[in-house]
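S.K.: just to be clear, the model below is a prediction. Sequence and coordinates:
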Amino acid sequence: AQPTIALTAPATGATITVNTAITVTAAPTAGTGATISQVQFLLGGTTIIGTVTSAPYSISWTPATTGNVSLTARVLDSSGASVTSSAVSATVVAAPTVSLTTPANGSSATVGSPVMVSASPTASPGASVSKVAFFVTPSGGAQSQIGADVVTPPYTVAWTPPSAGNFSLTAVVTDSTNQTATSTAVAVAVANSQPTVALTAPGVGSVLTVGSNVSLAATATAGSGATIAQVQFLVTPSGATAAVVGTDTSAPYALTWVPTTAGNYTITARVTDTNGNTVTSTGVSVTAVTATSVALTAPANNSAATVG
């Protein structure tokens, strides 16, 4: 009996992506009393794209051009007999493409603030885009999908960074022929959000009295993943440098300050959180004046007077 051979992969009518490796597999048998010497894999019936001398009889083949192709396998046994398989027809198509359009590579983001991630996909010729999936990979961590697959344009998802660090974003397009492509990765550096602080007292333009107590108050919030370490109150006399007049480490953030000289002052509050970030409030301008005094010169204290 003659040897036999059949191609078992790819299947007839398969769609193959150009420049993407596929496995071509054959199932040969030797003739009576013989053994298999080799199996050759052929493109177009003449071009040998691989030779295998032992099981499993398969090769990896990467099509370099698009178009219709015909694949066959030829078995040669130890008796010198050879047989060629029936041809398997397949179509090599251009791969779909996808690129991330936002954010830009090397962008910065803030923990807790949404980032819009957008992609521009194209399907392989004759096909349509079925879906785009977005993925994020933290440095040294595992990849995870951002939201659900996006099946209609615009191909955009919102990603909210959960922590500080370096992240890599990618998009994967799948078209109607089930071909896929992955975008080039985009790097994003995520930082903790900054703390915030605002001076709530005294008000802008307040007139203060030298030697009298002045209430200073501020509201503050810590940056992402942190707590407030302290709030400092600073007073800057006109033409001089700022001086810390008090520090509060717990809410409500307030203290009392007594101006000692008349003049114009700028008052600010400075917050420091446990991330080590420091932010200073907008300054509030105030004026301190010397209290006006008045004294009676007549009549004398405890004097007597007559009615009328």
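M.R.: Thanks, I have it. Numbers count the residues shown, from 1 in each chain.
S.K.: helices and strands of this protein: which one bottoms out on pLDDT?
M.R.: When the helices and strands of the chain are scored by mean pLDDT, DSSP states H and E, strand 14-17 comes last with a mean of 88.
S.K.: what comes up buried for the helix or strand just after that strand?
M.R.: Downstream of strand 14-17, the first helix or strand assigned by DSSP states H and E is strand 22-29. Within strand 22-29, the residues that count as buried by 16 or more other C-beta atoms under 10 Å are Ile22, Val24, Thr25, Ala26, Ala27, Pro28. (Each C-beta comes from the backbone N, C-alpha and C, glycine too.)
S.K.: give me the helices and strands touching strand 22-29, please.
M.R.: The contact analysis (3 or more C-beta pairs under 8 Å, 6 or more residues apart in numbering; DSSP states H and E) places strand 22-29 against strand 4-9, strand 36-43, strand 58-61, strand 67-77.
S.K.: quick check: closest non-adjacent residue to Ser86.
M.R.: Spatial nearest neighbour of Ser86, excluding adjacent residues (C-beta to C-beta, 6 or more residues apart in numbering): Ala6 at 7.0 Å.
S.K.: show residues contacting the least confident helix or strand of the chain.
M.R.: Contact partners of strand 14-17, identified using C-beta atoms under 8 Å, 6 or more residues apart in numbering, comprise 10, 22, 63, 69, 88, 90-95, 124, 177-179.
S.K.: can you select the buried ones from those in ChimeraX?
M.R.: In ChimeraX syntax, the buried subset of the contacts of strand 14-17 is picked out as below (16+ other C-beta under 10 Å):
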select :10,22,63,69,88,90,92,93,94,95,124,177,179
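S.K.: distance between stretch 273-281 and the chain's centre?
M.R.: Relative to the centre of its chain, stretch 273-281 is centred 24 Å away, using C-alpha atoms, centre = their mean, to the nearest Å.
S.K.: quick one: mean pLDDT over that stretch.
M.R.: Mean pLDDT, stretch 273-281: 95.
S.K.: same deal with stretch 163-179?
M.R.: 94.
S.K.: and that stretch, how far from the chain's centre?
M.R.: Averaging C-alpha positions (C-alpha atoms, centre = their mean) puts stretch 163-179 11 Å from its chain's average.
S.K.: buried residues in it?
M.R.: Going by neighbour count (16+ other C-beta under 10 Å), the buried part of stretch 163-179 is Ala164, Phe167, Ser168, Leu169, Thr170, Ala171, Val172, Val173, Thr174, Asp175, Thr177, Gln179.
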